[in-house]
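In: Return atomic coordinates for the entry below.
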Amino acid sequence: MNKPGFQIPPALRNRQFLVYWSGQLISIAGSQMQLWALYWHIRTLTSEPIALGGIGVVRFLPVLVFSLLGGLVADQFNRRTIVLITQTTLMLVAGVLGLLTWLGTIQIWHIYLLVGIQAFAISFDGPARAALVPNLVTREDLPNAFSMTSLAQNVGAIIGPLFSGVVIASLGQQWAYWINAISFLAVIISLLMIGAIPQSQIVHIGNNWLQWDTIKEGIRYILTQPIILSSMVLDFFATFFSSANTLLPFVARDILNIGAVQYGWLSAAQSVGSVAVALYISQNSRLRRQGVVLLSAVGMFGIGTILFGASTSFWLTMLSLIVIGGSDTISTILRNTIRQLITPDEMRGRMTSINQIFFMGGPQLGEIEAGIVAQAFSVPAAIISGGIGCILAVSFIAWRWPQLRQYDDTAH
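Out: So this is what the prediction gives:
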């Protein structure tokens, strides 16, 4: 019987996971500071919404080309070493962004190029980091570990954006990038502190490790798992239609008429809802009827997006973003947990890399779509139409894959 009151989440009782989680929290705050500062920077350099579509292109293409390879690498080589290399690369990219901004020579094509390099590193970083978590905790603690990972992401996504507006206004745009560069040291140091991480099921396939049959094996596995496949399709279409985050600087400046500090508050609003939800789930990790909850959460994500697009009030905009963040966190935790529980360890890197195409492809292509619609019609039209598309996508997937709707791991 559970004792009343707050309890230390089970995953954080594992020293290795606690150290890694703490480093992630710091690094995520820096990355989120850079992300929202980057959107503001682009709006400063140009008033054309279509420019944000370019960010979607340079983020998606490396993921599309290299994610499958990244998953194979995560299954073939030491995941801890991969993350050390990718985090160092991301640190250098942030440093160069800050340097070019400080020198006053930065142009939009510089941002596109550096974001493309960043996306290339993430293609390898994402599968390795996601597949690393099950190697740090027991199967029983895995749902809680993903809940705590989501909590770290969202606490960082509150701290980072809040400080981004203040940093831009008081220190200058370049410091948002430089602080992010420093924050990557937290993950690098945490990985060095925890030492070797057991990864007993590395698949050795001889000197010619790059065999496309091995990648195809991962694709075939996904196609034979309707719950995993449907959750990936759900992820793609929901984020494709409702990826209006990049339009927030245009909402802030052109509709709400607010400055960088208030923009920072709005940038953090989604994560306020996310943290509240993640805290709740960390204390109540055994959610029932996960399939229904997942689909409902994505539907609420679409409703929140419609409200965001229709709002002309600062506080209503903030409320809608809180709803978006909370519902997105529920779906993220459930999707990650379901996939990792179903997938065997030797397949996790490849499964995650395929998922990364859906997970990152949806938002990045959605940014292109949102930029085009905003350019052709208006920013509110782009956001509202996306929310409607998200709801229609949820309805179709619930009908097409009843296995997802009926999924309930607590029944086993």
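In: Look up phi and psi at residue 312.
Out: phi -120, psi 10 (degrees, to the nearest 10).
In: Find the nearest non-adjacent residue to it, please.
Out: Spatially, and ignoring its direct neighbours in sequence, residue 312 is nearest to residue 255 (6.2 Å; Cβ to Cβ, 6 or more residues apart in numbering). Every residue, glycine included, has its C-beta placed from N, CA and C.
In: Give me the pLDDT for that neighbour.
Out: At residue 255, the model reports a pLDDT of 91.
In: Number of residues surrounding it?
Out: Number of residues near residue 255 (other Cβ atoms under 10 Å) recorded here: 18.
In: same deal with residue 330?
Out: Residue 330 has 25 nearby residues by other Cβ under 10 Å.
In: Please name the nearest non-neighbouring residue to it.
Out: Closest residue in space to residue 330, ignoring its immediate chain neighbours: residue 297 at 3.9 Å, by Cβ to Cβ, 6+ apart.
In: With residue 401 instead?
Out: Using Cβ to Cβ, 6+ apart, the closest residue to residue 401 is residue 230 (3.6 Å).
In: Help me confirm that residue 59 comes into contact with residue 119.
Out: Yes: judged on Cβ atoms under 8 Å, residue 59 makes contact with residue 119 at a distance of 4.7 Å.
In: what's the spacing between residue 153 and residue 279?
Out: Between residue 153 and residue 279 the distance is 13 Å, computed by Cβ to Cβ, to the nearest Å.
In: Looking at these two, which is more packed in?
Out: residue 153 (21 against 17).
In: Following element in sequence after the helix or strand hosting that one, please.
Out: Using DSSP states H and E, residue 153 sits in helix 142-170. Per DSSP H and E, helix 142-170 leads on to helix 173-194 as the next helix or strand towards the C-terminus.
In: For that next one, which outside residues touch it?
Out: The contact list for helix 173-194 (Cβ atoms under 8 Å, 6 or more residues apart in numbering) reads 15-16, 19-20, 22-27, 29-31, 33-34, 37, 40-41, 44, 80, 83-84, 87-88, 90-92, 94-95, 97-99, 101-102, 163-164, 167-168.
In: Show me how to select, in ChimeraX, the buried members of those residues.
Out: Selection of buried members from the contacts of helix 173-194 for ChimeraX, criterion 16 or more other Cβ atoms under 10 Å:
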select :16,19,20,22,23,24,25,26,27,29,30,31,33,34,37,40,41,80,83,84,87,90,91,94,95,97,98,101,163,164,167,168
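In: I'd like the list of the contacts of helix 173-194 that fall within helices, please.
Out: 15-16, 19-20, 22-27, 29-31, 33-34, 37, 40-41, 44, 80, 83-84, 87-88, 90-92, 94-95, 97-99, 101-102, 163-164, 167-168 (DSSP state H).
In: Where does pLDDT dip in the stretch 151-300 of the chain?
Out: Low-confidence regions of the stretch 151-300 of the chain, defined here as pLDDT under 70, cover residues 198-215, 218, 242-244, 281-288.
In: switch the cut-off to 50
Out: For the stretch 151-300 of the chain, residues meeting the criterion pLDDT under 50 lie at 200-202, 205-206, 209.
In: same question, the stretch 1-150 of the chain
Out: 1-3.
In: ok so, going back, quick one: work out the angle between the helix holding residue 153 and helix 173-194.
Out: Orientation of helix 142-170 against helix 173-194 (axes from the mean of the first three to the mean of the last three Cα atoms, to 10 degrees) gives an angle of 150 degrees.
In: Now helix 142-170: buried residues?
Out: 142-165, 167-168.
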